[in-house]
Structure formats: structure tokens, C-alpha cells
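In: Need coordinates for the following:
(one chain, ligands or ions: 2)
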Amino acid sequence: MNDYIYKRYRYYFFLIFILSKKGATVVEKIVEILSKESYTQEDLSYLIGLEGSDRDFYLKEIGKSYINTLGKKVYFRGLIEFSNYCTKDCYYCGIRKSNTHTERYDIDDEAILEAAVFAHQNRYGSLVLQSGERNDKPFTDRITRLLKEIKTVTNGELGITISLGEQSEEIYREWFEAGAHRYLLRIETSNEDLYYKIHPRDEAHDFHRRLECLRTLKKVGYQTGTGVMIGLPFQTYEQLAADLLFFQRIDVDMIGMGPFIEHTETPLYQYKDQLWPLQRRFEVAINMIATLRLLLPDINIAAATALQAIDPMGREKALRYGANVIMPNITPTLHRKDYQLYENKPCTDEGADECANCLSIRVEMAGREIGYNEWGDSQHFFKRTSSKQ
Ligand code: 5AD
Ligand code: FES
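Out: Numbers count the residues shown, from 1 in each chain. Ligands and ions are numbered 1, 2, ... in the order given. Reported below is the predicted structural model:
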């Protein structure tokens, strides 16, 4: 047992002792769970559901212990949402193909490259390329070309993450070889029944195919990220706890997860009166991030933009309690308002410069340091790949 872990256990045993004198039951239970070496679904769902002052106590404990192990660094990924054309029809998403009220756009290559150069010059370290899902050859060829060009114009110094949905192994490989080294594909929920309540049950939205894609991404060699939405209609704390155990089981490197926010032009809007209040969705999302950090101390966790749609300080709170990645939006402003997966999306008016300034101040206010010019790869990825050699 290393010195830090020994001190941590000694601290928790001391706390348990003090609390048993006071008979403080909820806090006592939190401390008891925190002192364990592995966690059951019941433990995790208990932590995810915490409220009020018990929740405050829990978050503080996580905040303290994770800064000690992972350090203060936060990594920037400049996010370019370059197109909202999408061939899929997820029931929650504002850019689903059946939403005829969205104005569709596709940013040209030159503007994408300019945004990449902006990220590089501003020492972001990495970039995320995201769009609606397309599988046609002109699209996949264009991505391959763009990846190579981004590498060229940034002297190979900019790390590239892509988030372009379900593709064949061949395409995943082609993009990997062209320069992308991290891939984000959220599972959205690891519960198959719930998955089909939020997606059409058809070939284009197959739960098992999505799982297969996650396996393929790891096999190809990507640092692989997934995630879920929190506060979906019908979702329970137990299912969210199972999501965390799912992340552990599939051995992911990165997670992005945030609150579900209903969009008027989508089928899930009909359940708006059955959802947890927005503020509660936000709280549970922060509890999920903290509990994930407890479970998987060395992965990268992103502070999702959707947090900020509910609480103006949402992403900074996520950084306090477990997140270590933040994605400043560098999509040319003209189109930002059209990439509305959910309504009330923040930072749709600011230009990339303002966005970067406002974020660096916010990160420092949260007591963290920015890892400028660093790729900020997931420590977990290196551990899992080096242990296989
Ligand atoms: N609320 C919150 N998150 C959403 N996403 C899509 N629609 C919504 C919504 N209404 C998330 C999904 C997707 C990611 C790009 O955005 O998890 O994977
Ligand atoms: Fe585009 Fe879900 S609606 S991927």
C-alpha cells in the first residue's frame, strides 16, 4: 500500500470513529463506502443519489482526494462541430434527420483548417472534430483528407480526437492512420431496454452494433471514449450505477457525460413533465462525475458543455469534482447556433477568442492549471496498453 493510500485509509477510519460517536448515519455510510477498495452497484447508486448537505460532504471528499492523485492539470480540446447533417434519428437529438426545423450546414475545409490553426496557435494541444453521422464515401474520404491536412498545417503537433459515430473497421483504421488518435462514441445508456426507448429499434440504431464499434475502436488502437446522458426519461440511479460499472468493464480511456436536456423538436419532448427537474439532473450529473472518478482514477473525464446549459458555472463544478478535460468551442460562430443537440446551448454567440479567454479564467477560478500545448492523453490508456506488451 503506498503512503498516500495508507494515509487515506487512516483518515477514513478516524472519520468513522468520530462519526460513530455522533451517530451521523448518512455521512457514516458515505465514509464507509469511500474506505472500500471496490464498489458494488448498490454503493455506486447510493452515492449517485445523494442530496443536500450529505452530497456536499461527499463531493468535498472526492475533490480533495482526486486532486492529490491526478494533479491540477486540465486539458483543452478545441471543439469543431463542422456539420449538422445527420443520417440518424435518435429520439433526444435536435439535429436528428427528421427535424425539418433545423437549418443544415457543412463548414468548408478551409474554415476547418483555420480553426485547427487557431487551436494550435492558442496552445490547446488537441482538437475534437464532431458532426452528425454519415457513412457515405465522399464524407469518409473527406475526413481522411482533412485529418492529414490538419496534421500538416499544425506540424503534427496537434492531437486529434474524432467523434463521427458508427463506422466500419476499415474506416476507423483509415482515419487512425490519417492521424486521429482518440475517438468518442457515447453509448448513451448501457441498458438495452432504455436504449430502445431513446432510439428507434432498427438497423441504423442497433445497441449491439454500437457495443461492437467500441470494441473495434480499441482494437484499432484509439484511445477510446464513451459516455451516457443523465436524467433521461425512465432512467434510474441503479441504471446510472450500472453505466459506471459498464465503463469499468469495457476498460475505457475517456468519458464524456452530461445532463439530458429536452429539445422541443424531438420525440422525447413528450416526457418533459416526467423528467427530474433540471437542477436535479445537473446535481446527479456532478455526482456521476465524482463517482466515476472514485471508480476509475486514471481516465480522462470531460466537463460536458450541457452542464453549462443548466448552471453557468457547470463545467467549473465538474472540474472541482473529477473532470480534467474541457472543450472550448472553436466552431466558426456563424454556424454555432445551428448545432443545437439540445436547447439553451451556451457560448453560441461568442467567437473562439472570447470563448478561450473566458474559459481560461474559469479554469483558474476553479483552482486548476491548464496543460497548454499538451495532448493530455489518458493515463489509463498507457497503463492498459503497456500491460499487454
Ligand atoms: N441533451 C443532452 N445531450 C444530448 N446529446 C444529444 N442530444 C442531447 C440532448 N438533448 C449528446 C449525446 C451525443 C452527444 C454528441 O450529445 O450524448 O452523443
Ligand atoms: Fe444524429 Fe443521433 S441523431 S447520431
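
In: Surely residue 55 touches residue 291?
Out: No. Between residue 55 and residue 291 there is no contact under CB atoms under 8 Å: 11.2 Å. (Each C-beta comes from the backbone N, C-alpha and C, glycine too.)

In: higher neighbour count, those two?
Out: residue 291 (26 against 19; other CB atoms under 10 Å).

In: For the particular helix or strand that has the more buried one in it, buried residues please.
Out: Element membership for residue 291 (DSSP states H and E) is helix 278-295. Neighbour-count burial for helix 278-295 flags 278, 281-295 (criterion: 16 or more other CB atoms under 10 Å).

In: got it, and stretch 84-104?
Out: Neighbour counts over stretch 84-104 (16+ other CB under 10 Å) mark 84, 86, 88-97, 99, 102 as buried.

In: just those residues that are near ligand 2?
Out: Filtering these for proximity to ligand 2 by CB under 6 Å from any ligand atom leaves 86, 88-90, 93, 95-96.

In: Up against ligand 1, what does the stretch 251-389 of the chain have?
Out: Residues of the stretch 251-389 of the chain lying near ligand 1 (CB under 6 Å from any ligand atom): 258, 260-261, 263, 306, 341-342.

In: would CSV of the residues you listed with distance to ligand 2 be doable?
Out: Output for these, formatted as CSV (distance: CB to the nearest ligand atom, whole Å):
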residue, distance to ligand 2
258, 15
260, 13
261, 15
263, 11
306, 15
341, 8
342, 12
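
In: now, which of those sits nearest residue 136?
Out: Closest to residue 136 out of those is residue 341 (21.6 Å), distances taken as CB to CB.

In: That closest one: how many residues sit nearby?
Out: Residues near residue 341, counting by other CB under 10 Å: 22.

In: And the pLDDT for it?
Out: At residue 341, the predicted lDDT confidence score is 81.

In: Then residue 312?
Out: 87.

In: mind listing the helices for the stretch 1-150 of the chain?
Out: Secondary structure of the stretch 1-150 of the chain, counting by DSSP state H, counting those that start in this stretch: helices at 3-22, 25-34, 41-48, 52-70, 109-121, 137-153.

In: List the contacts of the fifth one.
Out: What it means is helix 109-121. Outside helix 109-121, the residues within contact range by CB atoms under 8 Å, 6 or more residues apart in numbering are 78, 80, 82, 126-127, 129, 142, 145-146, 149-150, 153-154, 157-158, 330-332, 352.

In: do that again at 6 Å, thanks
Out: 78, 80, 82, 127, 149-150, 153-154, 158, 330, 332, 352 (CB atoms under 6 Å, 6 or more residues apart in numbering).

In: Most neighbours of all the residues you listed, which one?
Out: residue 330 (28 neighbours).

In: Give me the three-state assignment for the residue lying closest to residue 309 once chain neighbours are set aside.
Out: Spatially, and ignoring its direct neighbours in sequence, residue 309 is nearest to residue 344 (4.8 Å; CB to CB, 6 or more residues apart in numbering). For residue 344, the assignment made with DSSP: H, G, I helix; E, B strand; the rest coil gives coil.

In: Please look at residue 344 and residue 308 and confirm they touch.
Out: No. At 9.6 Å, residue 344 does not count as touching residue 308 under the criterion of CB atoms under 6 Å.

In: And residue 324, how far from residue 135?
Out: As for residue 324, its distance to residue 135 is 32 Å (criterion: CB to CB, to the nearest Å).

In: So between those two, which is more surrounded?
Out: A count of neighbours by other CB under 10 Å puts residue 324 above the other of residue 324 and residue 135, at 26 against 14.

In: Spatially, which residue comes closest to that one, not counting chain neighbours?
Out: That would be residue 74: by CB to CB, 6+ apart, it lies 5.6 Å from residue 324.

In: tally of neighbours for that neighbour?
Out: If we define neighbours as other CB under 10 Å, then residue 74 has 23 of them.

In: what does stretch 302-317 rub up against?
Out: With CB under 6 Å, 6+ apart, stretch 302-317 has contacts from 256, 258-259, 261, 278, 282, 286, 318-319, 323, 325-326, 344-346, 362, 366.

In: Count the residues that sit near the residue nearest to residue 278 when sequence neighbours are not counted.
Out: Closest residue in space to residue 278, ignoring its immediate chain neighbours: residue 310 at 5.1 Å, by CB to CB, 6+ apart. Neighbours of residue 310 under the rule other CB under 10 Å: 21.
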